[in-house]
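[1] just coords:
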């Protein structure tokens, strides 16, 4: 039965509980009502005896009246009346008590019963005498009967009084008992209601407790914790179904998460492999290039060329070759080190000089340097690629004289380096693309020569440790471009970048 | 919730439910029992026999005392005894009550009778109906009554005579004669009363001549008291005692409780204490008080306990053995100032 109850649906369970509770109240009510019923019947019977006595008294009067009437008129009607009333009276008298007990009322009834017999006998004799027309007998019997009638009337009256006394007493006690019963009944009803509420509370708590557990688990799942035993299915109702589904769901989610993790791991491994392949390839390319352009070899060769030019008295050639050697040596020496702004400017000077020799003085190069900032540290190979960019993209394809202006100045507590050209300029999209490192149409990455702008910007950002270190300004097509770098003046960073 | 908890839970629920149901049932049953208890509160066990007691003036403490002891005796033999006049809303005469008892079909009647012919007839009629009649205190010797229970009237008369002599000898009477008036029942001039008067007379007459010489001669007269109703008794006695102070008797003898109380009350009310010596009958509280206050000289009391018991026993004996004694005599005792304290104590103990 217990299992059957557990397997019912929630709706039926709740209905059953409330039905049971109501039935309980109903049952108690029925019992109390039965008590009240019994009581009111008792109260009714209290005065029943009085009613009976009154009826008896009425019948007695009828007997006496009908007898008198017969004596006076001697009609058959009155005789009939006499017989009928006598019949009724003797029947009623038969119901009176015929035992003598300790109860006064019983004894009085006993007396009335006996007296009634005597009375009826006397009345019968009177009637008989009337029939026999014996006037003397009629008178004596009539007097006797009337006397008895008086006694019986007094007895009935007295008995009625006694009964009324006793009944009033009973009635009072009944009413007080009734009140007591009423109070008791009310108390019990209150108790029943309280107990009912408790029972419903307990039973519904039983139904709801798995739901609470379920909610708690769902909360944990929401926080990402899947590691617990599957919930026990206590019942087979709706809650049981939900619990089952929940367990299934948790298992599914757990599996799914595991699969996701595994595939992510695989992907990561593949990427790593690819990157390594690329790095190796780059390494190989570099080694190859290094092998080809051994700086020492190049440097020594150039030195040899410079000495040759000096010997031949070609001073300009000597200088040119010397500068070139200096330029390459910088690459070899400072390749990946922190340098000062002064050293970087020197490299730019050399680069412009070489270019100007190459392109026969096409580029007008202006400098405006705050000497106090020359010793501020910065990563190597920053300014030269920017200038190279200015030359390659800004000036080279333009008509007229190309100009490059470099300024080193202090702004707030920052050392600022600006490089400005009067070339073709850049569109805002291009600037945006350059700063974010995304490919921009119109700018072809020339990897073969030097270092890309994105590399420069990335290294600068890493060095300074902030994002906002590199600005590009251009007022549009043909209006030139301005690159501004902001370096911390107290930067004493010496590590490799 | 573990299955164990669940089991405790259902046990708990079942227990609470049972408790409530039990409480309700107990309440209802208790109530029914309670109403039953008072609905049939009086004793309704059937009795073997039904006796009635009929007396004149049943409310007097003398008859109440007799009735009480008779009732006890009846209870002992599981018989019912009833003073029928107690239950009726009308006052009936002794004769009417005799008639009622007879047609009520009782088993025995205890009646304080008289010697009238009417009473004889009534007793005979009852006897004819199979009802045994015991006369109590006042006999009807001519009837077919079963027994007579009472005091010996001769003894009673002797006691009164001796008391009269005692008063005559003790008190220094200066009058030329000592007038003694005996209150008698004018309605029942019967043999019993006559016997008693004779006894009083004889006792007075047989006084030692030596002693007789020290007091004036004693003159006995009988005054008939009208006993037709309760009120007439007192009125009659009052009239007698108030006629005029000069002609008041020296001693009055009362032969029943009512006469005694009426005489006592009149003497006290009209400041005649000391003028009249009262010889009373019975030992009610009022009478004992009268003795203590020197208003009543002495009273003769019958053992009412014996009277009540004997009257019921006579009936019981008859119904059990088919015969019983014709006469039962109860003891009498004289109460004077000397021993009144003892009786008062007894009286207080009883109440």
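    It's in. Quick caveat, the model's predicted, so the values are computed rather than measured.
[2] what bits of chain B have low per-residue confidence?
    Within chain B, the stretches with pLDDT under 70 are B:1-6, B:9, B:35-43, B:187-190, B:351.
[3] quick one, strands of chain B?
    B:49-54, B:79-83, B:108-111, B:132-136, B:147-150, B:178-185, B:218-225, B:251-253, B:277-281, B:296-302, B:327-329, B:332-336 (DSSP state E).
[4] Would you convert those strands into TSV that also reports distance to chain A?
    For the C-beta atoms, the positions are set from N, CA and C on the backbone; glycine is no exception. TSV is the format used below for the strands of chain B (distance: least, Cβ to the nearest Cβ, whole Å):
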stretch	distance to chain A
strand B:49-54	4
strand B:79-83	5
strand B:108-111	12
strand B:132-136	15
strand B:147-150	22
strand B:178-185	26
strand B:218-225	29
strand B:251-253	38
strand B:277-281	31
strand B:296-302	29
strand B:327-329	25
strand B:332-336	34
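[5] how about those strands in CSV, adding mean neighbour count?
    Shown next, in CSV, are these (neighbours: other Cβ atoms under 10 Å in any protein chain shown):
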stretch, mean neighbour count
strand B:49-54, 25
strand B:79-83, 22
strand B:108-111, 29
strand B:132-136, 26
strand B:147-150, 24
strand B:178-185, 22
strand B:218-225, 17
strand B:251-253, 27
strand B:277-281, 26
strand B:296-302, 24
strand B:327-329, 16
strand B:332-336, 16
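[6] Among the ones you listed, single out whichever gets nearest to residue B:25.
    strand B:79-83 (39.3 Å; Cβ to Cβ).
[7] and that closest one with strand B:49-54, angle?
    Angle of strand B:79-83 versus strand B:49-54, following axes from the mean of the first three to the mean of the last three Cα atoms, to 10 degrees, is 20 degrees.
[8] Check which helices and strands strand B:79-83 is in contact with.
    Identification of packing neighbours for strand B:79-83 by 3 or more Cβ pairs under 8 Å, 6 or more residues apart in numbering or on different chains; DSSP states H and E yields helix A:104-132, strand B:49-54, helix B:61-76, helix B:304-321.
[9] ok, now with 6 Å
    strand B:49-54, helix B:61-76 (3 or more Cβ pairs under 6 Å, 6 or more residues apart in numbering or on different chains; DSSP states H and E).
[10] partner strands of it, parallel or antiparallel?
    Its sheet considered, strand B:79-83 pairs with strand B:49-54 (parallel) by DSSP bridges.
[11] How about residues contacting the partner strand?
    Strand B:49-54 has contacts (Cβ atoms under 6 Å, 6 or more residues apart in numbering or on different chains) with A:100, B:67, B:79-84, B:94, B:97, B:101, B:106-111, B:315.
[12] follow-up on the earlier one: make a markdown table from the strands of chain B and add distance to residue A:83 to it.
    Output for the strands of chain B, formatted as a markdown table (distance: least, Cβ to Cβ, whole Å):
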| stretch | distance to residue A:83 |
| --- | --- |
| strand B:49-54 | 32 |
| strand B:79-83 | 35 |
| strand B:108-111 | 34 |
| strand B:132-136 | 37 |
| strand B:147-150 | 45 |
| strand B:178-185 | 49 |
| strand B:218-225 | 52 |
| strand B:251-253 | 61 |
| strand B:277-281 | 56 |
| strand B:296-302 | 54 |
| strand B:327-329 | 50 |
| strand B:332-336 | 59 |
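[13] quick revisit: most tightly surrounded among the helices and strands packed on strand B:79-83?
    Mean neighbour count (mean count of other Cβ atoms under 10 Å in any protein chain shown) peaks for strand B:49-54 among the helices and strands packed on strand B:79-83, with a mean of 25.
[14] Read off the pLDDT value for residue A:467.
    On pLDDT, residue A:467 comes in at 79.
[15] can you give me the helices for chain B?
    B:3-39, B:61-76, B:94-103, B:117-128, B:153-170, B:191-205, B:209-212, B:230-242, B:257-269, B:285-292, B:304-321, B:340-350 (DSSP state H).
[16] Let's have those in JSON lines, adding distance to residue A:275.
    Shown next, in JSON lines, are those (distance: least, Cβ to Cβ, whole Å):
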{"stretch": "helix B:3-39", "distance to residue A:275": "60"}
{"stretch": "helix B:61-76", "distance to residue A:275": "127"}
{"stretch": "helix B:94-103", "distance to residue A:275": "138"}
{"stretch": "helix B:117-128", "distance to residue A:275": "144"}
{"stretch": "helix B:153-170", "distance to residue A:275": "154"}
{"stretch": "helix B:191-205", "distance to residue A:275": "156"}
{"stretch": "helix B:209-212", "distance to residue A:275": "168"}
{"stretch": "helix B:230-242", "distance to residue A:275": "143"}
{"stretch": "helix B:257-269", "distance to residue A:275": "143"}
{"stretch": "helix B:285-292", "distance to residue A:275": "136"}
{"stretch": "helix B:304-321", "distance to residue A:275": "136"}
{"stretch": "helix B:340-350", "distance to residue A:275": "130"}
